[in-house]
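Novice: A structural model of the following input is requested.
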Amino acid sequence: MNRIGTVIVALIVLLIVLASTMFVVDQRRFAVVFSLGEIRDVYSEPGLKFKLPPPLQTVLYLDKRIMTIDNPEPERFITAEKKNLIVDSYVKWRIVDPRKFYVSFKGDNRLAQDRLTQQIRSALQEAFTKRTVTEVVSSQREQVMQWVKQKVGDEAAQVGIEIVDVRMRRVDLAAGISDSVYSRMAAERKRVANELRSTGAAEAEQIRADADRQRDVVVAEAYAKAQQVKGEGDATAAGIYAQAFGRDPQFAQFYQSLEAYKATFRDKKDVIIADPNSDFFRFMRSSGGAGVSGGKAGK
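Specialist: Coordinates of the predicted model:
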């Protein structure tokens with residue numbers, strides 16, 4: 001019985017030793033294997049891994065996920081105009097080189113965050129001191145964030161860290177200068193708007209003048225063309241009339257008289273006072289136009 005107990009104890013000890021030689025690497029973490037205090041291996045792929053039992057080899061796990069540094073309180077920065085800005089920002093970062101990270105911070109994320117916070121604060125202050133309030137708040141806000149990300153990212157890469165993103169959630173003016181800055185910004189926007197309106201009005205006037213000029217040219221050319229066509233038509237008509245009237249002079253006189261009647265009596269209300277025996281009405285009395293002379297001969 002004692003022998004069986006000894007075997008069981010030995011098996012248990014053996015299982016414990018074997019279990020201590022195996023470890024699982026999660027997909028969310030790095031596994032750093034130490035051999036007598038020095039880094040032996042770094043595992044980034046998930047799965048079951050093996051090592052020597054402690055104290056010969058030990059394992060330290062480092063998070064490979066994206067982490068956030070979120071300042072609990074907004075910070076104060078000074079611009080090129082010596083104005084105070086209250087900035088609320090955050091940083092996204094992650095470990096990309098476990099060896100460098102462990103050498104720099106002994107695997108402590110809090111030490112890494114404290115160092116990154118100081119670097120971000122210093123970079124933001126440097127960026128703000130080169131810019132005005134208007135540039136930081138509106139026109140160059142994105143440029144500031146990208147510049148800070150690049151500057152801090154270069155320094156962080158030396159300690160095995162990647163800066164994923166730097167964002168300014170809120171940028172406010174310190175109390176006491178908001179009204180004056182907003183008034184200056186409003187005046188500047190108003191000036192730009194007036195310049196744009198003036199430029200637009202001048203361009204509109206130029207476009208209208210050009211359109212009127214083109215319209216006058218088109219109308220003049222059309223009128224000249226119309227007059228030319230009309231003249232050619234009148235000449236052709238006159239030739240036709242002359243040719244037709246030359247063949248029958250009496251018909252020509254009759255046609256001209258009809259045209260005169262038509263021009264004279266355009267409206268039913270038109271009234272003419274004249275001698276019925278005048279030569280003007282001779283074709284009304286006789287289609288041959290001899291009514292007047294025949295009457296005189298009868299007398």
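Novice: and residue 48, that's in a strand?
Specialist: Yes - under DSSP: H, G, I helix; E, B strand; the rest coil, residue 48 sits within a strand.
Novice: Next up, the contacts around it.
Specialist: 22-25 (Cβ atoms under 8 Å, 6 or more residues apart in numbering). For every residue, glycine as well, the C-beta is placed using N, CA and C.
Novice: again, only this time at 7 Å
Specialist: By Cβ atoms under 7 Å, 6 or more residues apart in numbering, the contact set of residue 48 is 22, 24.
Novice: Could you measure from it over to residue 62?
Specialist: When Cβ to Cβ, to the nearest Å is the yardstick, residue 48 and residue 62 sit 19 Å from each other.
Novice: can you tell me the average pLDDT over stretch 184-198?
Specialist: Averaged over stretch 184-198, pLDDT sits at 86.
Novice: who's in contact with it?
Specialist: For stretch 184-198, the surrounding residues in contact (Cβ under 7 Å, 6+ apart) are residue 134.
Novice: Show me which positions of that stretch end up buried.
Specialist: Residues of stretch 184-198 classed as buried under the neighbour-count rule (16 or more other Cβ atoms under 10 Å) do not occur.
Novice: Could you do stretch 124-144 as well?
Specialist: 124, 127-128, 131, 133, 135-137, 140, 144.
Novice: ditto for stretch 5-25
Specialist: 23, 25.
Novice: And it, how far out from the chain middle?
Specialist: Offset of stretch 5-25 from its chain centre (Cα atoms, centre = their mean, to the nearest Å): 67 Å.
Novice: And the average pLDDT for it is what?
Specialist: The average of the pLDDT scores along stretch 5-25 is 78.
Novice: Do you have the strands of the chain handy? List them.
Specialist: Along the chain, the stretches classed as strands by DSSP state E are 22-25, 29-35, 38-43, 47-50, 57-63, 67-70, 75-78, 84-95, 161-173.
Novice: any chance of those strands in TSV, with distance to residue 202 too?
Specialist: Putting the strands of the chain into TSV (distance: least, Cβ to Cβ, whole Å) gives the following:
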stretch	distance to residue 202
strand 22-25	71
strand 29-35	66
strand 38-43	69
strand 47-50	73
strand 57-63	63
strand 67-70	52
strand 75-78	42
strand 84-95	39
strand 161-173	37
